[in-house]
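S.K.: let's see this in three dimensions:
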Amino acid sequence: MSYGERRMNVILEELRRNQRVQVADLSEMLGVSQESIRRDLKEMEARGHLRRVYGGAVADEKEADRPYSDRLRLAMREKIRIGQAAAALIENGMKVFIDTGTTAVACLRHLGDCRNVTVVSNSVAIAAYLCERPEIGFRMLGGRLRPEYQAVYGHETMTALREHYFDLALLGISTVHLDRGFMDFGEDEAELRRIARDRARRSVVLADSSKFGRLGSIHTFDLDQAGGIITSGVVPADFTARLQQLNVDLIHA
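M.R.: Here you go, the predicted structure:
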């Protein structure tokens, strides 16, 4: 086995363990240049082992195809920081929609002492968590249970959601593409996010850095149709420039 092949096996093991790798970290770990690591990642992408993103690579698997518990653990540190920044947007007296995205769910742990806040969601995971926070008002939307999302979807869900109006909507997303905007892998989640966005005075998308530059299968809405994006890690410069041009707030957690 060549040194390059051994190096790629190490990278694969890191990817299996963490679901993402960074060029700088791999360069230091393996004692080779960052350019060598980039060539390795390019070759591994061609073999179907991973998908390159800005600054590194992620496992080449649709997030929607992974179990919910696995998705919750992906990019955990980033999600914690994003959750803290999202929770800081919630003020006393607000009515807030929080969807099923695992990054959106992370904000619940940082709500602090907010008073007279009402949360509306279709997420079973959020409902379970807020059972321990009786001081926060909660409205669970009805519908058909989708265990892979730990949430309910369908006609009943959309009808119930259209009856509400929100001060703030915190929306997860599957991917963020420079030309195609915010994208998802499922029609139900895309439609639910559109409705919530339309019924909120302000809508904010929560997306860790691995979501940028990837393609989903369904266009959810355009980049300029979000009131802001909360992210962490390194965002590609072309995204930063485009969002600034569109007057979309990019909040670094």
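S.K.: ranges for the strands of the stretch 101-250 of the chain?
M.R.: Per DSSP state E, counting those that start in this stretch, the stretch 101-250 of the chain carries strands over the ranges 118-121, 137-140, 144-146, 151-153, 166-171, 175-177, 181-184, 200-206, 218-221, 228-231, 249-252.
S.K.: which of those sits closest to residue 50?
M.R.: Of all the strands of the stretch 101-250 of the chain, it is strand 175-177 that lies closest to residue 50, at 15.5 Å by C-beta to C-beta. From N, CA and C alone the C-beta is placed, and that goes for glycine too.
S.K.: which residues does the closest one contact?
M.R.: Here strand 175-177 makes contact (C-beta atoms under 8 Å, 6 or more residues apart in numbering) with 182-184, 205, 207, 211-216, 223, 229, 239.
S.K.: let's go with 10 Å and repeat that
M.R.: Residues from elsewhere that reach strand 175-177, judged by C-beta atoms under 10 Å, 6 or more residues apart in numbering: 62-63, 181-185, 205, 207, 209-220, 223, 226, 229, 231, 235-236, 239, 243.
S.K.: from the residues you listed, list the buried ones, please.
M.R.: Neighbour-count burial (16 or more other C-beta atoms under 10 Å) applied to the contacts of strand 175-177 gives 63, 181-184, 205, 207, 209-214, 216, 218, 220, 223, 226, 229, 231, 235-236, 239, 243.
S.K.: lowest average confidence, helix or strand, in this protein?
M.R.: helix 68-73 (a mean of 56; mean pLDDT, DSSP states H and E).
S.K.: mind checking what helix or strand follows it in sequence?
M.R.: The C-terminal neighbour of helix 68-73 among helices and strands, as given by DSSP states H and E, is helix 76-87.
S.K.: all helices of the stretch 1-150 of the chain, in order?
M.R.: Ranges of helices in the stretch 1-150 of the chain, per DSSP state H, counting those that start in this stretch, are 3-18, 23-30, 34-46, 68-73, 76-87, 102-105, 124-130.
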